[in-house]
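[1] Sequence below, structure please.
(chains A, B, C and D)
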Number of protein chains: 2
Amino acid sequence: MQVDLELAPKQKRAAGERCCEPVVYPDVQRDHALRMAEVAKALGDPIRLQLVDVLRRHAGKVCVCELVPLFDVSQPTLSHHLKKLRDAGIVDSERQGLWAYYYVIPDALKELSTWLT
Amino acid sequence: MQVDLELAPKQKRAAGERCCEPVVYPDVQRDHALRMAEVAKALGDPIRLQLVDVLRRHAGKVCVCELVPLFDVSQPTLSHHLKKLRDAGIVDSERQGLWAYYYVIPDALKELSTWLT
DNA sequence: GTATTAGATCGACAAACGTCAGTGTTAGTG
DNA sequence: CACTAACACTGACGTTTGTCGATCTAATAC
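    Numbering: from 1, shown residues only, chains lettered A, B, ... in the order given. This is a model prediction of the structure:
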């Protein structure tokens, strides 16, 4: 990967000409970018980020009924956030009679985490 | 931090009683969660994520005129995305005559990156 | 059986989002 | 000077989002 540390002032081009050629192209493949953006978007809400935080730190699976009182939103709203996290492939759930237990899917955050490092 | 690996089935409580006490509380401070969610949200769009990717991999500062042709959106739209990244404190820009050069603010992604690890 | 609980889904709403065409501003070119 | 290029901003648009109250489903308690 070539690096250009210098800030290269351009010259204004004549009418009709493009100002310059791109010197850097996206490295991250389109689909990787799409996938990572999807994960980032799912984490882009404070409640969801904290949900993931709780689930990650709790090595086991956590009952929804324990999650609801942690946040100042209604139960349907929390359910909605959990669904978003499920749709993004970050968490999954397991029904156990009347209760639902959520957990973070191992390595779900790995790709984004690696890129971010 | 106590860990509960077991999946503990609950008992249905009598009328009027709460089903259970939360066993895990959010560890990430509210404001940290807010800040990280803000960054994640800004990265939650494929174009913005790729913009950050290009800017990060290019150690110097990159002219907007080099960024525009990389994406299939209009110049105003790209400008809008760059503004979002600026508002989130991820990138900053520097005017140089007719051109604007963007760069990633060092450590802007650090907090999120660390938490994600 | 009936009553109650945990949780998901539905419908509605305002707010925020991504996009574009148009416009404005500033700075080089000739 | 007039012209044009680079970029930000505005206004409009259709879509998505976060939230709630109400409702539905499934399972347990009595």
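
[2] Next, the contact list for A:A108, please.
    Counting by C-beta atoms under 8 Å, 6 or more residues apart in numbering or on different chains, A:A108 makes contact with A:39, A:89-91. Just so you know, the C-beta spots here come from the backbone N, C-alpha and C atoms, and that holds for glycine as well.

[3] Out of those, which end up buried?
    A:39, A:90-91 (16 or more other C-beta atoms under 10 Å in any protein chain shown).

[4] Keep only those of those that are in helices.
    Among the buried ones among the contacts of A:A108, the ones falling in helices (DSSP state H) are A:V39.

[5] what's the closest non-adjacent residue to A:V91?
    Once flanking residues are discounted, A:V91 sits nearest to A:L85: 4.5 Å by C-beta to C-beta, 6 or more residues apart in numbering or on different chains.

[6] center of chain A - which residue?
    A:A40 (2.0 Å; C-alpha atoms, centre = their mean).

[7] Tell me how many other residues crowd A:S74.
    A:S74 has 10 neighbours, counted by other C-beta atoms under 10 Å in any protein chain shown.

[8] With A:P76 instead?
    Residues within reach of A:P76, counting by other C-beta under 10 Å, total 8.

[9] just A:A33 next, same as before
    A:A33, neighbours per other C-beta under 10 Å, totals 22.

[10] my guess is A:Y102 is in a helix, correct?
    No. Per DSSP: H, G, I helix; E, B strand; the rest coil, A:Y102 lies outside any helix segment and is strand.

[11] For the nearest residue to it once chain neighbours are set aside, which three-state class applies?
    Excluding the flanking residues, the one nearest A:Y102 by C-beta to C-beta, 6+ apart is A:S93, at 4.8 Å. Here A:S93 is strand, with the state taken from three-state DSSP.

[12] what sits against A:S93?
    A:S93 neighbours (C-beta under 8 Å, 6+ apart): A:82, A:86, A:100-103.

[13] For it, give me the pLDDT.
    What the model reports for A:S93 is a pLDDT of 96.

[14] so how far is A:Y101 from it?
    6 Å (C-beta to C-beta, to the nearest Å).

[15] Whether stretch A:37-48 contacts DNA strand D - can you check?
    Yes. If you take C-beta under 7 Å from any atom of the strand as the test, stretch A:37-48 does meet DNA strand D, through A:41, A:44-45, A:47-48.

[16] who wins for neighbours among those?
    Counting by other C-beta under 10 Å, top hit in the residues of stretch A:37-48 next to DNA strand D: A:R48 with 24 neighbours.

[17] Looking at strand pairing, list the partners for the spatially closest residue to A:C63 that is not a sequence neighbour.
    Counting by C-beta to C-beta, 6+ apart, A:W99 is the residue found nearest to A:C63 once chain neighbours are left out, at 5.1 Å. With DSSP bridges as the criterion, A:W99 is bridged to A:Q96.

[18] Residues of chain A that sit close to DNA strand C?
    A:11-12, A:14, A:63-65, A:68, A:75-76, A:79-80, A:82-83, A:93, A:98-100.

[19] Now the buried members of the residues you listed.
    The buried subset of these (16+ other C-beta under 10 Å) comprises A:63-65, A:68, A:82, A:93, A:99-100.

[20] Quick check: the two most widely separated of those?
    A:V68 and A:S93 (14.0 Å; C-beta to C-beta).

[21] Surely A:C65 and A:W99 touch.
    Yes. If you go by C-beta atoms under 8 Å, A:C65 and A:W99 touch, sitting 6.6 Å apart.

[22] Could I get the average pLDDT for stretch A:30-49?
    According to the model, stretch A:30-49 has a mean pLDDT of 96.
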